[in-house]
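Trainee: just the structure for this:
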Amino acid sequence: MTSILSIVALQILVSVFLILWTRASVRRFLGSDEEISRVRREIGALIIELDSSADRNVTVLEDRLSALKDLLAEADKRIAVLGQERTRRLPDDTVYDRLGRATEPKQIPVVEPLVPFIRFSEKPLPIEEPFADKVVSLSRRGFSSDIIAARLGVTMTEVDLVLSMERERDARSKE
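Mentor: Numbering: from 1, shown residues only. Just a heads-up that it's a prediction; the model follows:
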């Protein structure tokens, strides 16, 4: 039991020593009371700035929350109007039923189209000339590899590769 008490007492002494040493180090580091007051002023200014920033953020959140509440109220109104319209239309069906329609509710069969609906665009996508054809065309017009590469936005190696493949294709076709 005494060993536990001695360990606890030793820990307390070490803790007190560390606290006093840290406090003295901080005072030495900061220098005079003038430095400490300057640091306190800066920290106070930071706290005030953070407080105003938090207030702005809270105001923005409150504005968004009120806008969301307004949107929810509008949606609720539209749902209520839709419900009223629905109940108003139901009696129309019963009147028709009294006039001679079948009393069974009308069931509309669900039919899927055999061919899916295809809609053509008013502005079809332009068909772009293949890259190799562009390179060969520019080469035949007398442009050098570096100019072709700059014009098409590719490297000279790609242009040279296409041109060499085209030369081999021409050589094979002549044989």
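Trainee: what pLDDT does Glu175 get?
Mentor: What the model reports as pLDDT for Glu175 is 70.
Trainee: count the neighbours of it for me.
Mentor: Residues lying near Glu175 (other CB atoms under 10 Å) number 4. For glycine as for every other residue, the C-beta is placed from the backbone atoms N, C-alpha and C.
Trainee: same deal with Asp160?
Mentor: Per other CB under 10 Å, the neighbour tally for Asp160 reads 15.
Trainee: can you show me the helices along this protein?
Mentor: Counting by DSSP state H, the chain has helices at residues 2-30, 33-98, 131-140, 145-152, 156-174.
Trainee: please parse this protein into its domains.
Mentor: Here the domain parsing of the chain from automatic domain parsing is 33-101, 131-174.
Trainee: how far does the longest one sit from the chain's center?
Mentor: When C-alpha coordinates are averaged (CA atoms, centre = their mean, to the nearest Å), domain 33-101 and its chain have centres 22 Å apart.
Trainee: let me see the contact set for the residue nearest in space to the middle of the chain.
Mentor: Residue closest to the average C-alpha location in the chain (CA atoms, centre = their mean): Arg64, at 19.4 Å. Residues counted as contacts of Arg64 (CB atoms under 8 Å, 6 or more residues apart in numbering): none.
Trainee: distance to Ile19 for the domains of the chain - can I get that in CSV?
Mentor: CSV is the format used below for these (distance: least, CB to CB, whole Å):
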stretch, distance to Ile19
domain 33-101, 17
domain 131-174, 67
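Trainee: and those, which is most packed in?
Mentor: Comparing the domains of the chain by mean neighbour count (mean count of other CB atoms under 10 Å), domain 131-174 comes out on top with a mean of 14.
Trainee: where does the protein dip in pLDDT?
Mentor: When residues are selected by pLDDT under 70, those of the chain lie in 1, 30-32, 90-120.
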